[in-house]
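Peer 1: Based on what follows, work out the 3D shape:
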Amino acid sequence: MSDFLATMAASSRQRADAVVGSLGESKLRAQARAAAPPRQLRLSAAGFDLIAEPKLASPSAGELVPHADGREAVLAVATSLEQSGCAALSVLTEPTVFGGAIDHLQAAAAAVDLPVMRKDFLVDPIQVIEARAAGASGVLLIARILDTSLLVEMTDLALTMGMFALVEVFDQGDLEAAGAVFDRDVLVGVNARDLATLEVDRGRHAEMARLLPGHLPAVAESGIVSPDDAAAAAAAGYRVALVGTAVVTSEDPAGAVSRFIAAGRSVVSARSAR
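Peer 2: Numbers count the residues shown, from 1 in each chain. Next up, the predicted model:
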């Protein structure tokens, strides 16, 4: 595991322990049961979709959205994207380098009529319950920081609670480990960022595409910064792209989402016509 990922996982463990200490599982489960039902992730018959991420900052780029109040900033971007055509929103809850918070997720989930995914370095099932209690309709699970039994447990917990699970891998080793949940209805994400250097490996999506399980939707993560990148992901067989930085730094975030989706779907349409 890279130092960055190990650091993020350790920080997440501290936050998970704090949640257990402050609320406890039974109280969180009660909150999850009382939350509005999760919204279903519905992928378009047009063959390519986008998960948009109203992110405030990243470790590689620093602050992306100047703001005085993170919750309000996320809420403003999230609501501006509601009619953009994206299939879902991804909201970061990691606080130390991404500027996220659980109340950002809660605010976005309450404000938009879209499924909202919790994106974080989740290491404990309590954080899946916490996500549902905050209104999340999905969670990101990073295979590299979870052993197989924990990945299975957290995946099944998310699905049991009606959420979708995006299982993220970086390489073939991760993919083999994550195979334990590929008989479930999950999405498989390939993150193109090298977590040792934080640089994007421009060839990773294409390289990994041939190894991915064909019966599950594949999600291209990181490095999708232009409509051409979305088209390339679609050409490689990805069903979905997750885009954050290019959306929030655009002068027209909703328009950017529309252009990315159109580029991916044009590839799918051309392929279908052949």
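
Peer 1: Residue 30: how many residues sit nearby?
Peer 2: By the criterion of other CB atoms under 10 Å, residue 30 has 14 neighbours. For every residue, glycine as well, the C-beta is placed using N, CA and C.

Peer 1: typo on my end, it should be residue 187
Peer 2: Counted with other CB under 10 Å, the neighbours of residue 187 add up to 22.

Peer 1: just checking, it touches residue 216?
Peer 2: Yes - with contacts counted by CB atoms under 8 Å, residue 187 reaches residue 216, the gap being 6.5 Å.

Peer 1: Need the residues touching each of the two.
Peer 2: Jointly contacting residue 187 and residue 216 under the rule CB atoms under 8 Å, 6 or more residues apart in numbering is no residue at all.

Peer 1: Can you spell out which residues form a bridge with residue 221?
Peer 2: The partner list for residue 221 in beta bridges (DSSP bridges) reads residue 191, residue 242.

Peer 1: contacting residues around it?
Peer 2: Applying CB under 8 Å, 6+ apart, the residues contacting residue 221 are 168, 189-193, 241-242.

Peer 1: And these, which is the shakiest by pLDDT?
Peer 2: Sorting the contacts of residue 221 by pLDDT puts residue 193 at the bottom of the list (92).

Peer 1: isn't residue 196 right up against residue 170?
Peer 2: No - counting by CB under 8 Å, residue 170 is not a contact partner of residue 196; they are 10.5 Å apart.

Peer 1: and these two? which has more neighbours close in?
Peer 2: residue 170 (24 against 10).

Peer 1: which non-adjacent residue is nearest that one?
Peer 2: Leaving out its chain neighbours, the residue that sits closest to residue 170 by CB to CB, 6 or more residues apart in numbering is residue 191, at 5.5 Å.

Peer 1: and residue 154, what helix or strand is that in?
Peer 2: Element membership for residue 154 (DSSP states H and E) is helix 148-160.

Peer 1: Would you mind identifying the next helix or strand past that helix?
Peer 2: Next along from helix 148-160, by DSSP H and E: strand 164-169.

Peer 1: Which strands and helices lie in contact with that following strand?
Peer 2: Under the contact criterion of 3 or more CB pairs under 8 Å, 6 or more residues apart in numbering; DSSP states H and E, strand 164-169 touches strand 138-142, helix 148-160, helix 172-178, strand 187-191.

Peer 1: need the contact list for residue 225.
Peer 2: Remark: with contacts taken as CB under 8 Å, 6+ apart, residue 225 is in contact with 243, 245-246.

Peer 1: switch to 7 Å and redo it
Peer 2: 245-246 (CB atoms under 7 Å, 6 or more residues apart in numbering).

Peer 1: if we can go back for a sec, as PDB, could you dump the C-alpha coordinates of the helix holding residue 154?
Peer 2: Extracted as PDB, the C-alpha positions of helix 148-160 are listed here (Å, rounded to 0.1, in the frame of the first residue of the first chain):
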ATOM      1  CA  THR A 148     -11.100  -9.700   1.200                       C
ATOM      2  CA  SER A 149     -13.500 -10.600   4.100                       C
ATOM      3  CA  LEU A 150     -13.900  -6.900   5.000                       C
ATOM      4  CA  LEU A 151     -14.600  -6.000   1.400                       C
ATOM      5  CA  VAL A 152     -17.200  -8.700   1.200                       C
ATOM      6  CA  GLU A 153     -18.800  -7.600   4.500                       C
ATOM      7  CA  MET A 154     -18.900  -3.900   3.500                       C
ATOM      8  CA  THR A 155     -20.200  -4.600   0.000                       C
ATOM      9  CA  ASP A 156     -23.000  -6.800   1.300                       C
ATOM     10  CA  LEU A 157     -23.800  -4.300   4.000                       C
ATOM     11  CA  ALA A 158     -24.100  -1.500   1.400                       C
ATOM     12  CA  LEU A 159     -26.300  -3.700  -0.900                       C
ATOM     13  CA  THR A 160     -28.400  -4.900   1.900                       C
END
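
Peer 1: All the strands of the protein, in order from the start?
Peer 2: Along the chain, counting by DSSP state E, strands occupy 49-52, 57-58, 62-63, 88-92, 116-119, 138-142, 164-169, 187-191, 218-221, 240-243.
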